[in-house]
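> Make a model of this:
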Amino acid sequence: MNATNSGITTRLSIMMFLQFFIWGGWFVTLGTFLGNNINATDGQIAQAFSTQSWGAIIAPFIIGLIADRYFNAEKILGILHLAGAVLMYLMAETTEFEVFYPYVLGYMVLYMPTLALVNSVAFRTMSDPSKQFSRIRVWGTIGWILAGLVISFIFSWDSQESIASGMLKNTFLMTAIASAILGFFSFTLPKTPPSVVKGEKITLKEILGLDALKLLTNKNFAVFFFSSVLICIPLAFYYQNANPFLAEIGVSNPTGKMTIGQISEVLFMLLLPIFLKKYGIKKTLLFGMLAWALRYVLFAFGNSDELVVMLITGIALHGICYDFFFVSGQIYTDSKAGEKFKSSAQGLITLATYGVGMLIGFWVAGQISEFYTVGDVHEWKNIWLLPAGFAVLVFLIFAATFKNEEIHYEEK
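A predicted model of the protein is given here:
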């Protein structure tokens, strides 16, 4: 992609904006919707959130067996989002969890592969991704932020009055419209043909990134790998419980306030290279882990009145939580993998974290939330202190067993 080709840049930016507007437009308020609109239990809410993990586990098959071999990425992207729009509409009209679950499972199986597809369309179009991609990807974060602001500050669908009257279903209708728009828009994106040459064989190990398992023979990488899986358990608590928690305790415009986390993510993404250079990979990863524990302690002791600043601070820590562990972890993985296993290693980490780690995390979060519920009221202090303690445990294990090392960057 020529840097001066503003038409292609604009189309790719719109693609990223819609891609993450869609995700932020329903996933943040999913727990609140399920608990109030269809009276789902905490265990059932955990099942619904775990569909993200099943989608992440199944996604490599869709990408490796279909997108990389037979069809243009932009066409598959369009088809998946059009089908997703239908499922979103069906979810909005559902009043029973038994009917809702197959829809959300089907949707996540369709949506999670699109995360790789939008990257594929962008990267294959660019002449210098290291310089061009961040300027386009940031529109995805802006899309997520805007979705939350629309829900809270324009329509107030997440106010206690609107929740009680069932208005949260409109988040699915809004997302269905956005998904349909992106579905049709995808067919106008730059042509992105299959990356695998016709007739070329690709193994199941390559599709799942399992050929990168040999990296686990390196003790340091093995410590990082298993710590990544474990830290996803407390991570799941945030995705699953944060919005219902804020709404239940009476925080105004909870979804809009949660966009502070994405704004923080952009800020700390810019600061990440500075931290990596000054403190090294080990301390940067430890900062990320410790931020998870601190966030949940703030949630445990904050409230919607005079201590609401503690909740806002906890939300604002998202940038450190996510960027300093997951993004720096991707950079570390890339440096350890070598040219041959770069893609496989990233696929393996994604499968282990968003797949296995968060699948366990959502289940654990559901069990703990259900255990600490009296009637319709959650004992949020206990619910948040448990993942805080677990994050500290992972922090201590990682600090004791991971040896700091320098990350070497190739000159572009």
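
> Which helix or strand lies directly C-terminal to the one helix or strand Asn243 maps to?
Using DSSP states H and E, Asn243 falls within helix 219-248. Using DSSP H and E, the helix or strand that follows helix 219-248 in sequence is helix 254-301.

> Identify the residues contacting the residue lying closest to Gly250 once chain neighbours are set aside.
Nearest residue to Gly250 in three dimensions, chain neighbours excluded: Ser304, at 4.4 Å (Cβ to Cβ, 6 or more residues apart in numbering). All C-beta spots, glycine's among them, are computed from the backbone N, C-alpha and C. The contact partners of Ser304, taken as Cβ atoms under 8 Å, 6 or more residues apart in numbering, are 246, 249-252, 311.

> What is the helix or strand harbouring Lys75 packed up against?
Here Lys75, judged by DSSP H and E, is contained in helix 73-92. Where contact means 3 or more Cβ pairs under 8 Å, 6 or more residues apart in numbering; DSSP states H and E, helix 73-92 is packed against helix 97-125, helix 169-186.

> Any idea which of the ones you listed has the lowest pLDDT on average?
Lowest mean pLDDT within the helices and strands packed on helix 73-92: helix 97-125, at a mean of 90.

> Counting by contacts, list what it packs against.
Helix 97-125 packs on helix 6-24, helix 42-62, helix 73-92, helix 129-149, going by 3+ Cβ pairs under 8 Å, 6+ apart.

> chain center to the last one, what's the gap?
Taking Cα atoms, centre = their mean, to the nearest Å, the mean C-alpha location of helix 129-149 is offset from the chain mean by 14 Å.

> between that helix and helix 6-24, how many degrees?
For helix 129-149 against helix 6-24, the angle by axes from the mean of the first three to the mean of the last three Cα atoms, to 10 degrees is 40 degrees.

> Are there helices or strands packed against helix 129-149, and which ones?
helix 6-24, helix 97-125, helix 254-301.

> try it again with 10 Å
The elements that helix 129-149 packs onto, with contact taken as 3 or more Cβ pairs under 10 Å, 6 or more residues apart in numbering; DSSP states H and E, are helix 6-24, helix 97-125, helix 169-186, helix 254-301.

> Also the second one?
In terms of contacts (3+ Cβ pairs under 10 Å, 6+ apart), helix 42-62 is packed against helix 30-37, helix 73-92, helix 97-125, helix 204-208, helix 219-248, helix 328-350, helix 358-371.

> Out of the ones you listed, flag the one nearest Gln47.
helix 97-125 (6.4 Å; Cβ to Cβ).

> What residues of that closest one count as buried?
By neighbour count with 16 or more other Cβ atoms under 10 Å, helix 97-125 contains the buried residues 97, 100-101, 103-122, 124-125.

> gap between the helix holding Asn243 and the chain center?
11 Å.

> For that helix, buried residues please.
For helix 219-248, a neighbour-count test (16+ other Cβ under 10 Å) marks 220-221, 223-248 as buried.

> Save the helices and strands packed on helix 73-92 as CSV, and put in distance to Leu30 too.
What follows is the helices and strands packed on helix 73-92, written out as CSV (distance: least, Cβ to Cβ, whole Å):
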stretch, distance to Leu30
helix 97-125, 8
helix 169-186, 9
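
> Out of these, which is closest to Asp376?
helix 97-125 (16.2 Å).

> Could you check how far that closest one is from the centre of its chain?
Averaging C-alpha positions (Cα atoms, centre = their mean) puts helix 97-125 12 Å from its chain's average.

> Now do it and helix 42-62, the angle between them.
Per the same axes, to 10 degrees, the angle that helix 97-125 makes with helix 42-62 is 40 degrees.

> what's the angle between helix 97-125 and helix 169-186?
Using the same axes, to 10 degrees: helix 97-125 against helix 169-186 is 30 degrees.

> contacting residues around the residue lying closest to Asn218 once chain neighbours are set aside?
In this structure, Asn218 finds its nearest non-sequential neighbour in Lys336, 6.8 Å apart by Cβ to Cβ, 6+ apart. Contacts here follow Cβ atoms under 10 Å, 6 or more residues apart in numbering; on that basis Lys336 touches 212, 215, 218, 220-221, 224-225, 342, 345, 405, 407.

> swap the cut-off to 7 Å and go again
By Cβ atoms under 7 Å, 6 or more residues apart in numbering, the residues touching Lys336 are 215, 218, 221.

> Next: Trp144.
The neighbours of Trp144, taking Cβ under 7 Å, 6+ apart as the test, are 20-21, 23-24, 262.

> circling back to that earlier point, closest to Ala180 out of the helices and strands packed on helix 42-62?
Ala180 lies closest to helix 73-92 among these, at 4.0 Å (Cβ to Cβ).

> just how off-centre is that closest one within its chain?
18 Å.

> where does Arg69 land on pLDDT?
pLDDT at Arg69 comes out at 69.

> so where's the stretch 251-400 of the chain uncertain?
Scanning the stretch 251-400 of the chain for pLDDT under 70 picks out 338-344.

> Pick out the residue nearest the middle of the protein.
Nearest residue to the geometric centre of the chain (Cα atoms, centre = their mean): Tyr354, 7.8 Å.

> picking that back up, can you dump the C-alpha coordinates of the helix holding Lys75 into PDB?
Taking C-alpha atoms only, helix 73-92 is exported to PDB below (Å, rounded to 0.1, in the frame of the first residue of the first chain):
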ATOM      1  CA  ALA A  73     -10.000 -13.000   2.900                       C
ATOM      2  CA  GLU A  74     -12.200  -9.900   2.200                       C
ATOM      3  CA  LYS A  75     -14.900 -12.100   0.800                       C
ATOM      4  CA  ILE A  76     -14.900 -14.500   3.700                       C
ATOM      5  CA  LEU A  77     -14.900 -11.500   6.000                       C
ATOM      6  CA  GLY A  78     -18.000 -10.200   4.300                       C
ATOM      7  CA  ILE A  79     -19.900 -13.500   4.500                       C
ATOM      8  CA  LEU A  80     -19.000 -14.000   8.100                       C
ATOM      9  CA  HIS A  81     -20.200 -10.600   9.200                       C
ATOM     10  CA  LEU A  82     -23.500 -10.900   7.200                       C
ATOM     11  CA  ALA A  83     -24.200 -14.200   8.900                       C
ATOM     12  CA  GLY A  84     -23.300 -12.600  12.200                       C
ATOM     13  CA  ALA A  85     -25.800  -9.800  11.600                       C
ATOM     14  CA  VAL A  86     -28.600 -12.400  11.400                       C
ATOM     15  CA  LEU A  87     -27.400 -14.100  14.600                       C
ATOM     16  CA  MET A  88     -27.200 -10.700  16.400                       C
ATOM     17  CA  TYR A  89     -30.800  -9.900  15.500                       C
ATOM     18  CA  LEU A  90     -31.900 -13.400  16.700                       C
ATOM     19  CA  MET A  91     -30.100 -12.800  20.000                       C
ATOM     20  CA  ALA A  92     -31.900  -9.500  20.500                       C
END
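
> All set, thanks.
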